[in-house]
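K.L.:
One predicted model, sequence on top.
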Amino acid sequence: MFADRLPPHRDSPGPGVTGSPGPVARWSRTARHGLAGEIGPALVVLAVSLSATAIIGWQDGSPHPPLPFGYLLLTIDAALIALHRRWPLVMLAGTLALSLTYHGLNFPGGAFTIPPAVAIYFAVVSRHRLAAGLTALAFLAGVFLLGPLHDREPNTQGAVWLVAWLSLIMAVGEAARSHQERLRQVQERAALAEATREEEARRRAVEERMRIARELHDVLAHRISTVTIQAGVAAHLIDRDVDQAREALLAIRETSRGVLVEMRSTLGMLRRVDEDELPTDPVPGMADLDSLVRDAEANGVDVALDVVDVPAVLPASLDLALYRIVQESLTNVIRHSGAVRARVRIVHERGEVEVEVRDDGRGAPPEPFSQGNGLLGMRERVAAVNGTFEARGADDGGFVVSARMPLRSDAR
């Protein structure tokens, strides 16, 4: 009952909440697993070595098992196996020395070969194959050289068994090492694939944000510029010419409606999940250029539209790009140039469509002039259809925006 009143541990999720454990819990779990992986094999080797040695000592007819010093040697020998992750070479040297010492003191034999054999296995797994092989040879030489000191003549069967035992251990270790290497390569490939997917997702997200920014800028900039100019006209004439002010306000209303219609169309296009799904609302294109001309003329700019040999049906990406370039160019003419005349020329020749918007305004500012979102958006649109874009001051005054785009090209 009192436990319910205690605050939750900072590393544990709250009531009814499932989540990943905190850093302390993760460290504790990792430490436990690492400790078990290091001490576990040593404990197994210790149990097997001590019990097997005791049994061998009685079966050989000895009056008693090994002396306590023999058990101490085997215990330390087995304990060195715990070093197989951190210091595998120390483990090899230690088990070799202690096992040969045990053998040289003429304690009951047989199980004393287990610690060095397990050490050789772990050394091979940790890629110390040369050291493991040299240790195996040194162990074999030591066993055969120390045996005669206590009237233990070399036994062919025992020698074959020991050589086979160590060879098997090294073969199993090599197989385990190869398996771990394959697992590591699989994990690295999986991590690389995941990183590639994440990078691709980030790239797509950036491209999508840029596309949305272009669409919203192109939709709003032209219409809002018109509304701003007409609102200024209405405010200027409201007291002197009511009829003209009313016309300006009506133009604002119509332009605002156009903004809403185009915004709905754009947002509907942006909400599409499946690229193959067709938009429910029409996307603006070449057929809508006349409305851009009328809007510019309503704001005091006389626009001449010249379309030469352009096919009636264009690829959707090219059709939209042409419309947006003309729209943004005329918006800049209205807002920044002070021009009274502009010319829009769209020509198709040799498999390419060229669009040029030229005005008679103030021209380009002194170099280098910064390119705002409008020019940047036009440049990106043209690049998306593998075209070229240029914006510069005209030699005879005014400003020129031109783009050349292939008629048939896969949009990027």
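P.N.:
Everything's here; your move. Every value quoted in this text rests on a predicted model; they were computed, and no experiment measured them.
K.L.:
okay, now the domains of the chain?
P.N.:
Following automatic domain parsing, one gets these domains for the chain: 21-154, 285-412.
K.L.:
got these as CSV, with mean pLDDT columns?
P.N.:
Output for these, formatted as CSV (pLDDT from 0 to 100):
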stretch, mean pLDDT
domain 21-154, 74
domain 285-412, 84
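K.L.:
could those be laid out in JSON lines, adding mean neighbour count and distance to W161?
P.N.:
For every residue, glycine as well, the C-beta is placed using N, CA and C. As requested, these are exported to JSON lines (neighbours: other C-beta atoms under 10 Å; distance: least, C-beta to C-beta, whole Å):
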{"stretch": "domain 21-154", "mean neighbour count": "17", "distance to W161": "9"}
{"stretch": "domain 285-412", "mean neighbour count": "17", "distance to W161": "70"}
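K.L.:
For R257, which of these is the nearest?
P.N.:
domain 285-412 (12.2 Å; C-beta to C-beta).
K.L.:
roughly how far out does the closest one sit from the chain middle?
P.N.:
For domain 285-412, the separation from the chain centroid amounts to 38 Å (computed by C-alpha atoms, centre = their mean, to the nearest Å).
K.L.:
hmm, back to that, could you dump the domains of the chain to CSV with distance to R240?
P.N.:
CSV is the format used below for these (distance: least, C-beta to C-beta, whole Å):
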stretch, distance to R240
domain 21-154, 73
domain 285-412, 18
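K.L.:
Any idea which of those gets closest to A201?
P.N.:
Among the domains of the chain, the nearest to A201 by C-beta to C-beta is domain 285-412 (17.7 Å).
K.L.:
The chain: helices as residue ranges?
P.N.:
Along the chain, counting by DSSP state H, helices occupy 23-59, 68-79, 88-104, 114-125, 129-146, 156-237, 242-270, 289-298, 316-332, 373-384.
K.L.:
Export those helices to CSV and append columns for distance to A391.
P.N.:
As requested, the helices of the chain are exported to CSV (distance: least, C-beta to C-beta, whole Å):
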stretch, distance to A391
helix 23-59, 54
helix 68-79, 78
helix 88-104, 67
helix 114-125, 66
helix 129-146, 67
helix 156-237, 15
helix 242-270, 24
helix 289-298, 18
helix 316-332, 9
helix 373-384, 5
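K.L.:
Mind checking those helices for the one nearest to V357?
P.N.:
Comparing the helices of the chain against V357 with C-beta to C-beta, the closest turns out to be helix 316-332 (3.7 Å).
K.L.:
what's the spacing between V186 and H179?
P.N.:
11 Å (C-beta to C-beta, to the nearest Å).
K.L.:
I should have written V382 there, sorry.
P.N.:
Computed as C-beta to C-beta, the V382 to H179 distance reads 55 Å.
K.L.:
gap between the nearest residue to S256 once chain neighbours are set aside and T255?
P.N.:
Computed as C-beta to C-beta, 6 or more residues apart in numbering, the closest residue to S256 that is not its neighbour in sequence is V227, at 6.5 Å. According to C-beta to C-beta, V227 stands 5 Å off from T255.
K.L.:
which residues make contact with stretch 113-133 from outside it?
P.N.:
When contacts are defined by C-beta atoms under 8 Å, 6 or more residues apart in numbering, stretch 113-133 is touched by residues 41, 45, 48-49, 52, 74, 77-78, 80-81, 84-85, 88-89, 91-92, 95-96, 98-99, 135-136, 139, 143, 162, 165-166, 169-170, 172-174, 176-177, 180.
K.L.:
who wins for proximity to R203 among the domains of the chain?
P.N.:
R203 lies closest, by C-beta to C-beta, to one member of those: domain 285-412, at 12.1 Å.
K.L.:
list the contacts for A234?
P.N.:
Neighbouring residues of A234 by C-beta under 8 Å, 6+ apart: 245, 248-249, 252.
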